[in-house]
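# The following block contains a protein sequence and its predicted model.
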Amino acid sequence: MQNTTPFSFINKTQPFVAIGVTKQDIREKIWDYMESQNLADFPRPVHHRIPNFKGASWAVEQPPHLREFKVARTIKVNPDAPQKNTRFCILDSHKTLLVPTPRLRTGLFNKIIPPPGATKDILRKCATSQGVRNYSVPVGLDSRVLVDLVVVGSVAVSEQGWRIGKGEGYADLEYAMMVSMGAVCEETPVVTVVHDCQVVDIPEALLEDHDLTVDYVLTPTRVIMTGCRRPKPKGITWCKISPEMLERIPVLRSLRHREQQAGKDVTLHGEQQHLWEAGSKHTAPPSAVQRPQDAPQPVEGSVPAACSSLHREGLPPNAAALPAATIHVSNLPAGARVSELKRALRERGATPLHLTWQGPRRPALLAFRDLAAAEQAITCLQGLRLGASTLQVELVRQLRDK
């Protein structure tokens, strides 16, 4: 009987083509399929995780056969469950294993140091999340560590080396931080270990400059050398880092201080816009500030009725002072969250200097560096949907003229 499933574990020559418009569409297809076909392994459900999968132990039998693994002395591996056997293999090969601290809360790396004379059973314990806590020491920024091979987890990956993670950006940030501290370079090979069903077609248009690509894809049935020519991140893209993220990650603050001392531009996401906002506040008297409860609430799924009035559109009273490079996003659904809008913007390639969020059902404002960037973003955002609503995207200048 012909196999009609959208993914094929057996047929290696015809991987599933991901038709999703955004990265999140592709993630959801992978997660849903792995759960529905019972391909996932503990921890479950796999949604919002780097999926652990049945057969992961077969896939990690591949690294020792790679020349890059054989010559590597220090290997960085992500802490997710699918790579547990990879971590054991590294320790069993008497190589140095570095594991990032979860969410980078207490530093960048932990170096795993098994006890003297450790048996294979002890090494397997060292490769678990509990072992990382019990048998490791932190690696500081001044350690001058050189990483010879990087192993990352993925939700989806293409044969060309395009990679999609779970959406939090930690693998990309970890790599960028390693570049900034001189631990890796463009030639450092990057490997990912996935199930065959996670190898899909990914439109290159979804990738951004800070997205990490991979050189090898290992599955239970294949070793794919991607030959990826897309440049890897050159370091930390500070304009993508929010002040909130900087506050959560102490080692990131240390790296920022170093780069600032070196004369690099370390302006964070939204900082330039905050300076503009601070100046513009002086142009509007307190009595002119509109409270959220004063604004009419548009009906879900409809375009706000009073486009002829900037106030009724939810724009601030000093909207005439807004720069021409400001985009007005309306028709947001009632349950919309700012995190959902931010993710949708990133996946469409729209990166404003600042996003002003006025709550669900009220328009959001996106500030860009110039008019050309704003107009390009409008093109990228055409047809963007959140839930059941298609968002309305216009330049503030065009609203003024109505």
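Looks like it came in fine.

# what bits of the stretch 251-400 of the chain have low per-residue confidence?
The stretch 251-400 of the chain contains residues with pLDDT under 70 at 271-324, 360-361, 397-400.

# can you point me to the longest helix in this protein?
Determined from DSSP state H, the single longest helix within the chain is helix 23-36.

# can you pull out the helices in the protein?
23-36, 56-59, 67-71, 84-92, 120-126, 129-134, 170-180, 243-248, 250-261, 271-280, 338-347, 371-381, 396-400.

# Would you tell me which of those helices gets closest to Ser389?
Nearest to Ser389, of all the helices of the chain, is helix 338-347, at 11.3 Å by C-beta to C-beta. Backbone N, C-alpha and C define where each C-beta goes, glycine included.

# Pull out the buried positions in that closest one.
Neighbour counts over helix 338-347 (16 or more other C-beta atoms under 10 Å) mark Glu340, Leu341, Lys342, Arg343, Ala344, Leu345, Arg346, Glu347 as buried.

# likewise stretch 379-388?
For stretch 379-388, by 16+ other C-beta under 10 Å, it's Cys380, Leu381, Leu384, Leu386.

# circling back: which positions in the longest helix of the chain come out as buried?
Lys23, Gln24, Ile26, Arg27, Lys29, Ile30, Trp31, Tyr33, Met34.

# report the angle between the axes of that helix and helix 338-347?
Angle, helix 23-36 to helix 338-347, by axes from the mean of the first three to the mean of the last three C-alpha atoms, to 10 degrees: 110 degrees.

# circling back to that earlier point, can I get the buried residues of stretch 379-388 in CSV including distance to Ile113?
CSV is the format used below for those (distance: C-beta to C-beta, whole Å):
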residue, distance to Ile113
Cys380, 48
Leu381, 50
Leu384, 49
Leu386, 48
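
# Quickly name whichever of those is closest to Arg44.
Leu386 (27.8 Å).

# ok, what's across the strand from the closest one?
Judged by DSSP bridges, the bridge partners of Leu386 are Ser389.

# For Val329, see how far away it is.
Look at Leu386 and Val329: by C-beta to C-beta, to the nearest Å, they are 10 Å apart.

# which residues do the two both contact?
Common neighbours of Leu386 and Val329, counting by C-beta atoms under 8 Å, 6 or more residues apart in numbering, are Leu341.

# Quick check: of the buried residues of stretch 379-388, which lies closest to Gly131?
Once C-beta to C-beta is applied, the member of the buried residues of stretch 379-388 that ends up nearest Gly131 is Leu386, at 41.9 Å.

# Now for that closest one: which residues touch it?
When contacts are counted by C-beta under 8 Å, 6+ apart, Leu386 touches Leu332, Pro333, Ala336, Glu340, Leu341, Ala344.

# Pick out the most distant pair among the residues you listed.
Spatially, the most separated pair among the contacts of Leu386 is Pro333 and Ala344, at 11.9 Å (C-beta to C-beta).

# Any idea how many residues pack against the nearest residue to Asp41 once chain neighbours are set aside?
Setting aside the residues directly before and after it, Asp41 is nearest to Asn52 in space (C-beta to C-beta, 6 or more residues apart in numbering), at 4.5 Å. Neighbourhood size, Asn52 [other C-beta atoms under 10 Å]: 21.

# same check, this time on Ile241
Applying other C-beta under 10 Å, we find 23 residues neighbouring Ile241.
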